[in-house]
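Undergrad: Quick check, what structure comes out for this input:
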Amino acid sequence: QVQLVESGGGLAQAGGSLTLSCAASGRTFSGYVMAWFRQTPEKEREFVARIGWTSGWTVYADSVKGRFTISRDAAKNVLYLQMNSLKPEDTAMYYCAADPTGVAIAAMDPRYWGQGTQVTVSS
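TA: I've put the predicted structure just below:
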């Protein structure tokens, strides 16, 4: 059974940094696409970044490009999101997701989701 467990959320000041982690278990993720999404009560779920677990190829939303970095440690089965230069509009629940294909990630419909970790950025 696949499990994705996020951690590392919390309160940060604008301009500050946070690093989110997602511990993945339950199968081998070779060939999978892993991603981070975020959502606030006022908005629909939004794509943040994705990475090919094997290839390491990354894609970012324009809103976070140059500020956020997605990475993974395949040996530890952990996905990361390093968030720098945080802005109040980055405040959201952040979700880790995984799917065998990038198509499902692009469609905002990955097979596996974590429970989320809250990030709050104060101005």
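
Undergrad: Neighbours of the nearest residue to A97 once chain neighbours are set aside, how many?
TA: Leaving aside its sequence neighbours, A97 sits nearest to P110 (C-beta to C-beta, 6 or more residues apart in numbering; 4.0 Å). All C-beta atoms are positioned from the backbone trio N, CA, C, and that covers glycine. A count of nearby residues for P110, using other C-beta atoms under 10 Å, gives 25.

Undergrad: I'd assumed G102 was in contact with P110.
TA: No. With contact defined as C-beta atoms under 8 Å, P110 and G102 do not form a contacting pair (9.7 Å).

Undergrad: list residues touching both of the two?
TA: Residues touching both P110 and G102 (C-beta atoms under 8 Å, 6 or more residues apart in numbering): V33.

Undergrad: contacting residues for L86?
TA: Applying C-beta under 8 Å, 6+ apart, we find L86 in contact with 12-18, 67, 119, 121.

Undergrad: Name the nearest residue to it, sequence neighbours excluded.
TA: Per C-beta to C-beta, 6+ apart, closest to L86 is V121, 4.6 Å.

Undergrad: cool, D99 as well?
TA: The shortest distance from D99 to any non-neighbouring residue, by C-beta to C-beta, 6+ apart, is to P110 (3.8 Å).

Undergrad: got it, and E6?
TA: Per C-beta to C-beta, 6+ apart, closest to E6 is T117, 4.0 Å.

Undergrad: Can you report how many residues lie near the one you found?
TA: A count of nearby residues for T117, using other C-beta under 10 Å, gives 21.
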